[in-house]
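I'll drop the sequence and a predicted model, then ask my questions.
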Amino acid sequence: MNFYGKNEEQDKYFVEIRNCLELAYWISSDIDHFVENSKEKINKQALDMIFSNSINLKEFIDKTINKLEILEGDHKECALLLANYTKFCLEEFDFINNKKRESESEDVKFSRMLDADIDFRDQYEKYFLRTDIELYRIKSYKYFSHALSALYDFSAYLNDQLHDSEDSILADIKREEILKHISNAESILGIGCRLMKANDKSLQDFVIASSGNSIISPQEYYQLQVEFNDVLKELFFVQRNFYNQFKKTQLPDLVEFNLIEYETNKYYSRLNEIGFTLSKIVLDELRIDIPDFKLLSPSIIKNPLDFVKVN
């Protein structure tokens, strides 16, 4: 963060709160992703894990929000922004208590999530140094959110294109827009990855949290950051490759649709897992008491060797 180094005590408090909020996000996202995409795996054991995680999450996020009072200045302003976005996501992901999920279509929900995500990232990125990999992840994912937004129009035009040649043209325009946004996401993430190799800004939270008797090495933490980038790159790559196949009225076959759905779920699952692990490492360094959360995402990833790095 661009305000690190001005007040060591505030830095440590902020690192704790930030990683608590991010941990809460990853757990909530993990539950939502599992419920939405693995209905066939929802059994008593899975439900017990979901309810246990949800109960622990509520207490954990309440304690974290209360800690915001110890922050000041930019530390507090940034943490409040992250806290508000995290609370919004937790409410949207909460399939147990969110009554809107029962009456709203998935399109409406997802559109609201995308708008909130883009707005949050627009405000959040100003707190990062130009050399921080997180800045480039934020920017790249913002492009990806724009691509997902364009996908809704593309799908609508695609469904009607057999009846209207104008819709076929509009679908192709939207397809090009999707590809442009994903290419931008890949490009900006690539810049961040190159910068990450040249500096240690990706280790900031770990270094601030470290007490000198680290549970893991900085290199291990760094490698997890690298893996997160690799999975995100692969997600962008498979999405771009898939939508590049749509030519006029020629559509990928059902097998390809099923494959892209599986691949996308796999990468989201792995991002949840790595994101959770990175935050937990920092909180463990700080000796923060964390509930016994159990991730559901690993059950979606059938074979870790499926993750092929993109050069």
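Okay, I see it. Quick caveat, the model's predicted, so the values are computed rather than measured.

so where's the stretch 101-250 of the chain uncertain?
Applying pLDDT under 70 to the stretch 101-250 of the chain flags the ranges 101-103, 159-167, 247-250.

Run through the helices of it in chain order.
106-124, 133-160, 165-198, 204-209, 218-243 (DSSP state H, counting those that start in this stretch).

Now do the same for Phe3: helix, strand or coil?
Assigned with DSSP: H, G, I helix; E, B strand; the rest coil, Phe3 falls in the coil class.

hmm, back to that, dump the helices of the stretch 101-250 of the chain into a markdown table; add mean neighbour count and distance to Tyr262 as well.
Every residue, glycine included, has its C-beta placed from N, CA and C. A markdown table is the format used below for the helices of the stretch 101-250 of the chain (neighbours: other Cβ atoms under 10 Å; distance: least, Cβ to Cβ, whole Å):
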| stretch | mean neighbour count | distance to Tyr262 |
| --- | --- | --- |
| helix 106-124 | 15 | 19 |
| helix 133-160 | 20 | 18 |
| helix 165-198 | 17 | 19 |
| helix 204-209 | 21 | 33 |
| helix 218-243 | 18 | 10 |
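
May I see those helices organised as CSV, with distance to Ile50 added?
Shown next, in CSV, are those (distance: least, Cβ to Cβ, whole Å):
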stretch, distance to Ile50
helix 106-124, 19
helix 133-160, 25
helix 165-198, 31
helix 204-209, 28
helix 218-243, 24
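
OK, contacts around Lys142?
Applying Cβ atoms under 8 Å, 6 or more residues apart in numbering, we find Lys142 in contact with 117-118, 121-122.

ok, now with 6 Å
118, 121 (Cβ atoms under 6 Å, 6 or more residues apart in numbering).

Let the chain start at 39 from now.
Shifting the count to begin at 39 puts that one at Lys180.

any idea how far it is from Phe131?
Separation of Lys180 from Phe131 (Cβ to Cβ, to the nearest Å): 20 Å.

ditto for Asn94
15 Å.

same question, Ala236
Taken as Cβ to Cβ, the span from Ala236 to Phe131 is 36 Å.

now Ser248
Distance, Ser248 to Phe131, by Cβ to Cβ: 31 Å.

Which one's more surrounded, these two?
With neighbours defined as other Cβ atoms under 10 Å, Ser248 and Phe131 compare such that Phe131 has more, 23 against 17.

Look up phi and psi at the more buried one.
Backbone torsions for Phe131, taken as degrees, to the nearest 10, come to phi -80, psi -20.

what's near enough to touch it?
Shown in contact with Phe131 (Cβ under 6 Å, 6+ apart): 66, 70.

list the contacts for Gly313?
Trp64.

Could you rerun that using 10 Å?
Counting by Cβ atoms under 10 Å, 6 or more residues apart in numbering, Gly313 touches 60-61, 63-65, 67-68, 262, 266, 269, 335.

Of those, keep whichever come out buried.
Among these, those that count as buried by neighbour count (16 or more other Cβ atoms under 10 Å) are 60-61, 63-65, 67-68, 262, 266, 269, 335.

With distance to Ile312 and secondary structure as extra columns, can I get these in TSV?
Compiled in TSV, the buried ones among the contacts of Gly313 are given as follows (distance: Cβ to Cβ, whole Å; DSSP: H, G, I helix; E, B strand; the rest coil):
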residue	distance to Ile312	secondary structure
Glu60	12	helix
Leu61	12	helix
Tyr63	13	helix
Trp64	9	helix
Ile65	13	helix
Ser67	12	helix
Asp68	11	helix
Leu262	6	helix
Phe266	5	helix
Val269	7	helix
Ser335	10	helix
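
tell me which of the residues you listed is nearest to Leu173?
Taking Cβ to Cβ as the measure, Leu173 lies nearest Phe266 of the buried ones among the contacts of Gly313, at 14.3 Å.

Tell me who's in contact with the residue lying closest to the closest one once chain neighbours are set aside.
Nearest residue to Phe266, sequence neighbours excluded (Cβ to Cβ, 6 or more residues apart in numbering): Ile312, at 4.7 Å. By Cβ under 10 Å, 6+ apart, Ile312 lies in contact with 64, 262-263, 265-270, 335.
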